[in-house]
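1. sequence first, then the predicted structure, then my questions.
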Amino acid sequence: MRNLTSSSDLPLRDYLFNQYLRRTADWLLGEQNDDYLLAQAGNSNWECSFSIFYLLGIYDKLENDSMKKEIERKVPQTVSWIINQANEVEEDGHNMAHWDGVTWDTSVVIRSTLMALEKFPDEFPKNQKDKINNLIKKSLKWLAYRFSLWEKVVTYPYGPADIAQILITSVELYQNHLDLFSEGINPYYSPKEFMQEMAQYLNRHCKEIKVQPEGESVKATFWGDPFQSAEVACSLAEYFSLREKDAGVVDSEKSIIKNCKENIDRFLVYIESKQEEGRWGTHSDTLRTIWAYLRVTGKRENKDPEPHLALKAIRWICDEKQSFDDGSYLHTMFLTVFYSLAVLEVYKNWNLAEQSMIEVFDNAMWATPVRSTEERSRRLRLEMQIQNLKKENEKLSRDRNILIASGLFVFLFSISVIFPILAGWLPEITNKLNLFFSYLTLLTVIDIAIVGGFYREILTP
């Protein structure tokens, strides 16, 4: 019988790999004599895709292992099956494709297919590679088209999670398959525009509540339920971490990136205040939330996951009453694929997993009074107040600059009129009305140019 708490002498990461990750991989691979992954038996495209995410995620950790050979054999076969399940349609005058008419499913299928193609290029003949690339272009066009109609026609009740998956897919393709991405979403969007529009949509459709950990009132952000919130926060983190590195980001996109960071920080407030006995709602909610919690905090500076919150969630999801010895999660495919990625995230990216279990417990228990509760909530609240004060200061600086520039313009214009009077030139100029207006026009243009240049070079904060 496995027991997470019995691994006191081993690094948590090693124990998770040997006792959980390998067993789950074995379960997802199905019967050894089969040529496909277990999820394919259930005719689920997205469950097959999540199985591929997981199996390719641990593939490089398997050394001289028969399981590695099994992954090499079965993943390409299942990808071929997924490709044959695509629905090709003609909409808006374009050839498009999708899986089950669902944007969420289509997005994850695109990513898993490309991952498999990159990992095992020799397993796919050229004609099949061409077919896959062509199908991905068509499905990207369908995603772009559906998003262009989202608030007018689609109005899907689980919109945030669907848009989040499209955004995650877009970030992945922007980084690794830009030409394919650009051609696919044309003529509806350019790559940067597409990602910006989705990030704005997600920022705009968040919900805010006030939470009061230890009596401190803090603003928190979420999107519908923990599952959707987790996927949205992860997508926004992927987006801003990609775009903020670009030196060519314009001011309008900088504002979007800033909103993403603020909403992610408030999402962290939400989940850190809403955990109950290691859970955030249902099994799927909890599995997806701990996955996102570790991923998102890894992309935010000075935002480490709270040890006791992460540990309680990990302990709960790895409990033997639901994480079975055969590697499944309650013998249920859709929960097992979410569970597999959650544990894999702990294995790869939780820094405490390098320690033994007893050290993890010590870290979580001793750090809790210092890092969490009242001190943690106050720090988060103060960080948000600082961000708001920075915004107000920037606005005051802009207003000051406008006031100074306006005063400078009035001063220069007045001098331009008064000086000719004092010099005795004005009577001669006003004798010819056209000359007078030309003079005023020229003065105005010169004064505006002087003030504009002064504003740009000196006054802009």
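-> Sure, I can see it.
2. all the strands of the stretch 101-250 of the chain, residue numbers only.
-> Along the stretch 101-250 of the chain, counting by DSSP state E, counting those that start in this stretch, strands occupy 207-211, 218-222.
3. how many degrees apart are the first one and strand 218-222 in direction?
-> Interaxial angle of strand 207-211 relative to strand 218-222 (axes from the mean of the first three to the mean of the last three Cα atoms, to 10 degrees): 140 degrees.
4. rounded mean pLDDT for strand 207-211, please.
-> Strand 207-211 comes out with an average pLDDT of 87.
5. what helices or strands is it leaning on?
-> Other elements packing on strand 207-211 under the criterion 3 or more Cβ pairs under 8 Å, 6 or more residues apart in numbering; DSSP states H and E are strand 218-222, helix 251-274. For every residue, glycine as well, the C-beta is placed using N, CA and C.
6. let's see that with 6 Å instead.
-> When contacts are defined as 3 or more Cβ pairs under 6 Å, 6 or more residues apart in numbering; DSSP states H and E, strand 207-211 sits against strand 218-222.
7. same thing with the last one?
-> Contacts of strand 218-222 with other secondary structure elements, assessed using 3+ Cβ pairs under 6 Å, 6+ apart, are made with strand 207-211, helix 251-274, helix 373-423.
8. relative to M198, which of the strands of the stretch 101-250 of the chain is closest?
-> Across those, M198 has its closest neighbour in strand 218-222 (16.8 Å, Cβ to Cβ).
9. chain center to that closest one: distance?
-> Strand 218-222 has its C-alpha centroid displaced from the chain centroid by 18 Å (Cα atoms, centre = their mean, to the nearest Å).
10. ditto for stretch 165-179
-> With Cα atoms, centre = their mean, you get 11 Å for stretch 165-179.
11. give me the contact list for it.
-> With contact meaning Cβ atoms under 6 Å, 6 or more residues apart in numbering, stretch 165-179 is reached by 103-104, 107, 110-111, 143, 181, 191, 194-195, 198, 235, 238-239, 242.
12. report the buried residues of that stretch.
-> Residues of stretch 165-179 classed as buried by neighbour count (16 or more other Cβ atoms under 10 Å): Q165, I166, L167, I168, T169, S170, V171, E172, L173, Y174, H177.
13. same list, the residues you listed, but as TSV with pLDDT and distance to L28 please.
-> Formatted as TSV, those follow (pLDDT from 0 to 100; distance: Cβ to Cβ, whole Å):
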residue	pLDDT	distance to L28
Q165	98	20
I166	98	25
L167	98	26
I168	98	21
T169	99	22
S170	98	27
V171	98	25
E172	98	22
L173	98	25
Y174	98	29
H177	97	26
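14. per-residue pLDDT, the nearest residue to L38 once chain neighbours are set aside?
-> Using Cβ to Cβ, 6 or more residues apart in numbering and skipping the chain neighbours, the partner closest in space to L38 is G30 (3.5 Å). You'll see G30 listed with a pLDDT of 96.
15. how near is G30 to R315?
-> Using Cβ to Cβ, to the nearest Å, we find G30 at a distance of 29 Å from R315.
16. compare the two (neighbour count), which wins?
-> Taking neighbours as other Cβ atoms under 10 Å, G30 and R315 compare with G30 leading, 19 against 16.
17. if I read this right, the more buried one contacts Q40, doesn't it?
-> No - with contact defined as Cβ atoms under 6 Å, G30 does not reach Q40; the gap is 8.0 Å.
18. low-confidence ranges in this structure?
-> Along the chain, segments meeting pLDDT under 70 span 1-3, 5-8, 154-158, 212-216, 367-384, 399, 401-403, 405-461.
19. domains of the chain?
-> Per the record, the chain has its domains at 18-367, 368-420, 426-460, by the TED database.
20. compare those and give me the one nearest L4.
-> Taking Cβ to Cβ, domain 18-367 is the member of the domains of the chain nearest to L4, at 4.6 Å.
21. how distant is that closest one from the center of its chain?
-> Taking Cα atoms, centre = their mean, one finds domain 18-367 lying 9 Å from the centre of the chain it belongs to.
22. again, but for stretch 17-32
-> Its chain's C-alpha centre and that of stretch 17-32 lie 28 Å apart, by Cα atoms, centre = their mean.
23. residues of that stretch that come out buried?
-> 17, 19-30.
24. so what's the residue nearest the centre of the chain up against?
-> Closest residue to the average C-alpha location of the chain: S235 at 1.8 Å, with Cα atoms, centre = their mean. S235 makes contact with A164, L167, I168, according to Cβ under 6 Å, 6+ apart.
25. so which of the residues you listed is the closest to D246?
-> L167 (16.3 Å).
26. which residue packs closest to G281, ignoring adjacent ones?
-> In space, not counting the residues next to it along the chain, G281 is nearest to P226; the distance is 4.9 Å by Cβ to Cβ, 6+ apart.
27. quick one, phi psi at the residue nearest to L38?
-> For G30, the backbone dihedrals (degrees, to the nearest 10) come out as phi 80, psi -160.
28. tell me which helix or strand V89 sits in.
-> Secondary structure assigned from DSSP states H and E places V89 in strand 87-91.
29. partner strands of the helix or strand that comes right after that strand, with direction?
-> Next in sequence after strand 87-91, counting helices and strands by DSSP H and E, comes strand 94-98. In the sheet, strand 94-98 lines up against strand 87-91 (antiparallel) (DSSP bridges).
30. just the CA trace of the partner strand, in PDB.
-> C-alpha atoms of strand 87-91 as PDB (Å, rounded to 0.1, in the frame of the first residue of the first chain):
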ATOM      1  CA  ASN A  87     -14.600  17.200 -38.600                       C
ATOM      2  CA  GLU A  88     -13.800  19.300 -41.700                       C
ATOM      3  CA  VAL A  89     -16.300  22.000 -42.500                       C
ATOM      4  CA  GLU A  90     -16.700  25.100 -44.700                       C
ATOM      5  CA  GLU A  91     -17.700  28.200 -42.800                       C
END
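31. what sits up against that strand?
-> Here strand 87-91 has contacts from M96, A97, H98, using Cβ under 6 Å, 6+ apart.
32. beta partners for the first one?
-> Note on M96: beta-bridge partners V89, judged by DSSP bridges.
33. and the contacts of strand 87-91, which is closest to I290?
-> H98 (30.1 Å).
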